[in-house]
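Enquirer: got a structure for you, letters missing:
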């Protein structure tokens, strides 16, 4: 079976150029503790109403999604994630793991 990547959502514009090189729409939703739920509502609306996505893949996504978001995509949500949590929490898990002598990740 084939798959079409219809949209990429991110919390920063850093990799927009990659999406553009493949002609994939790229939308940025900056996330903070103050706006997290509001941004997630906007993401849901875009994913469901504009792009009608069948499957959501979270790649390099370091936020906890709400129960509502997970419920909207029940059994259609994949989190591709390194296995640092819960051992190495925070913004620089690779650095923390290296400092603690971790040799293999995955």
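Expert: Happy to help now that I have it. Here the structure is a predicted model, which is why all the values come from computation and not from measurement.
Enquirer: State the number of residues packed around residue 9.
Expert: 19 (other CB atoms under 10 Å). Just so you know, the C-beta spots here come from the backbone N, C-alpha and C atoms, and that holds for glycine as well.
Enquirer: Quick check: beta-bridge partners of it?
Expert: Residue 9 has these beta-bridge partners by DSSP bridges: residue 27.
Enquirer: doesn't residue 30 make contact with it?
Expert: No: at 11.4 Å, residue 9 does not count as touching residue 30 under the criterion of CB atoms under 8 Å.
Enquirer: got the residue ranges for the helices in this structure?
Expert: Counting by DSSP state H, residue ranges of the helices within the chain are 16-21, 36-45, 67-72, 93-99.
Enquirer: Please tabulate these in TSV, including the columns distance to residue 56.
Expert: Putting these into TSV (distance: least, CB to CB, whole Å) gives the following:
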stretch	distance to residue 56
helix 16-21	16
helix 36-45	9
helix 67-72	8
helix 93-99	22
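Enquirer: Could I get those helices in a markdown table, plus columns for mean pLDDT and distance to residue 61?
Expert: Formatted as a markdown table, those follow (pLDDT from 0 to 100; distance: least, CB to CB, whole Å):
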| stretch | mean pLDDT | distance to residue 61 |
| --- | --- | --- |
| helix 16-21 | 96 | 15 |
| helix 36-45 | 96 | 11 |
| helix 67-72 | 94 | 11 |
| helix 93-99 | 84 | 13 |
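Enquirer: Please name whichever of these is nearest to residue 59.
Expert: helix 16-21 (11.7 Å; CB to CB).
Enquirer: got a list of contacts for the closest one?
Expert: Applying CB atoms under 8 Å, 6 or more residues apart in numbering, the external contacts of helix 16-21 come out as 8, 10, 25-26, 28.
Enquirer: what does stretch 24-37 give?
Expert: Contacts to stretch 24-37, defined as CB under 8 Å, 6+ apart, come from residues 5-13, 15-16, 19-20, 39, 42-43, 46, 51, 63, 66.
Enquirer: List the buried residues of that stretch.
Expert: For stretch 24-37, a neighbour-count test (16 or more other CB atoms under 10 Å) marks 26-27, 29, 31, 36 as buried.
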